[in-house]
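*Asks:* sequence and predicted structure below; questions after.
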Amino acid sequence: MKVLVINCGSSSLKYQLIDMQNESVLAKGLVERIGIEGSILTQKVEGRDKYVIEQPMKDHKDAIKLVLAALVDKTNGVIGSMDEISAVGHRVVHGGEKYAQSVIIDEEVMKSLEDCVKLAPLHNPPNIIGINACKELMPETPMVAVFDTAFHQTMPEEAYIYALPYEYYKDYGVRKYGFHGTSHKYVSAKAAEAMGKNIEDLKIITCHLGNGSSVTAIKNGISVDTSMGFTPLEGLAMGTRCGDLDPAIVSFLCKELKITVEEVENILNKKSGVLGISGVSSDFRDIENAAAEGNKRAELALTLFNYRVKQYIGSYAAAMGGVDCIVFTAGLGENSPETREAVCSGLEFLGVDFDAAKNKVRGKLTEISTESSKVKVYTIPTDEEMMIAKDTVALVK
Ligand code: ADP
């Protein structure tokens, strides 16, 4: 059974075609600049040169048409016809309180996704557009929605309610939802497997550190708290997002800079985080290089980022009454030994005995604590697409 996994952003689209018989990725690709000048599709197939198509794509439907064409292309494709695609799995950012699990997409689900647009105005619209485009092009193919928020629906009330007038939760859905759920779920299961233990007996803290970053507390296999909130803006400092902040700063900046609330929100989302502090870049590689050359603000951005990850680990260890395992994943968590070491230094009091030699690794599942460490530390590559494909198969079957 072959499953197409689609992840639609506002002007981009990531895809993977996965053969679920042996869980192998047949092709993966990225479409960028959808609806703007310079639209481009890049497809990668193991052992072959990149296949690049540059042609105008006015919307996501054009993009998906081209994805399908690239997959069935005589020389560069990997399947004979579209009929070989048994199902499509869509990453959907926000499922609100309604979805604690993935679902087969039908009319009622589409309506619920529309209802969630208010909660995720930046993320859900492109997801919906992508689903509709796929439905038009492959009307007979079953489709599944896999939500970033679903895994966190197990959080207890005290973790997800904000200390605001309670009716804002009841009337407007103002609460913590959390994101990156698919990734946190995947790496926590992998960690339990690597430890040879049942996840139901473990307290795990997963650190998804990429452009967007979040930390999750997973007790007995379920999410009990996570650092992102009502939107992905809360929690850690990120590439361009501010993370935790005194809310009074918003009105202060509106008054001082004479700008609107929306403009401040845009600054908090796009111009803050390690970009805002360093003034260099949102990419940690650039910041690490700048810091190595003596740029003090770049150094501060890294120190502050690591400090917040450490704070969340401490907080979640307290929330769970201990921790058995800490996991680092995503772009930075998989590829930056420096970040992992900085975060774990000083955590000896929790029972972490970090192994700096084993830590010199990138992009593969590795235990990076000593054999005798009470708390096991791992770096584990995440694989959200495989999780989406697995959920899709489970539902479609
Ligand atoms: P996204 O949230 O966009 O999915 P990723 O999980 O792909 O992000 O992470 C991207 C980030 O990972 C990059 O912005 C970069 O800062 C960081 N990163 C990737 N490779 C390295 C590396 N070798 N060293 C340090 N940071 C890295």
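*Replies:* That came through fine.

*Asks:* from what I see, F179 and T216 are in contact.
*Replies:* No. The criterion here is C-beta atoms under 8 Å, and F179 misses it with T216 at 9.8 Å. C-betas here are computed from N, CA, C, even on glycine.

*Asks:* and for the two, which residues touch both?
*Replies:* Common neighbours of F179 and T216 are listed as 152, 226 (criterion: C-beta atoms under 8 Å, 6 or more residues apart in numbering).

*Asks:* get me the contact residues on the chain for the ligand.
*Replies:* 210-212, 239, 283-285, 288, 330-332, 335-336 (C-beta under 6 Å from any ligand atom).

*Asks:* mind checking which of those are buried?
*Replies:* Neighbour-count burial (16 or more other C-beta atoms under 10 Å) applied to these gives 210-212, 239, 284, 288, 330-332, 335-336.

*Asks:* reformat these as TSV; add pLDDT and distance to A63.
*Replies:* Formatted as TSV, those follow (pLDDT from 0 to 100; distance: C-beta to C-beta, whole Å):
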residue	pLDDT	distance to A63
G210	95	23
N211	92	21
G212	94	22
G239	96	24
F284	95	29
E288	95	33
A330	96	25
G331	95	23
L332	96	28
N335	96	28
S336	96	32
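
*Asks:* give the contact list for the most centrally placed residue in the chain.
*Replies:* In the chain, the C-alpha nearest the mean C-alpha coordinate belongs to H180, at 3.8 Å (C-alpha atoms, centre = their mean). Counting by C-beta under 8 Å, 6+ apart, H180 makes contact with 148, 208, 212, 214, 216, 226, 228, 330.

*Asks:* now do V361
*Replies:* V361 neighbours (C-beta under 8 Å, 6+ apart): 337, 368, 379.

*Asks:* among the residues you listed, name the ones in strands.
*Replies:* Among the contacts of V361, the ones falling in strands (DSSP state E) are T379.

*Asks:* ok, and the most crowded of the contacts of V361?
*Replies:* When neighbours are taken as other C-beta atoms under 10 Å, the top entry among the contacts of V361 is T379 (26 neighbours).

*Asks:* any figure for the gap between the closest residue in space to K58 that isn't next to it in sequence and E97?
*Replies:* In this structure, K58 finds its nearest non-sequential neighbour in G35, 6.1 Å apart by C-beta to C-beta, 6 or more residues apart in numbering. Distance, G35 to E97, using C-beta to C-beta, to the nearest Å: 32 Å.

*Asks:* let me see the ranges of the strands in this structure.
*Replies:* Using DSSP E, strands in the chain cover 2-8, 13-19, 24-32, 40-44, 51-54, 85-92, 103-104, 143-147, 203-209, 213-219, 222-226, 325-329, 366-367, 376-379.

*Asks:* about what we covered before: format the contacts of V361 as a markdown table; extra columns: pLDDT.
*Replies:* Putting these into a markdown table (pLDDT from 0 to 100) gives the following:
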| residue | pLDDT |
| --- | --- |
| P337 | 97 |
| I368 | 98 |
| T379 | 98 |
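
*Asks:* outline the domain layout of the protein.
*Replies:* 2-147, 196-384 (automatic domain parsing).

*Asks:* ok so, going back, ok, which pair from the buried ones among the residues of the chain next to the ligand is furthest apart?
*Replies:* Taking C-beta to C-beta as the measure, these span a maximum distance of 18.4 Å, between G212 and E288.
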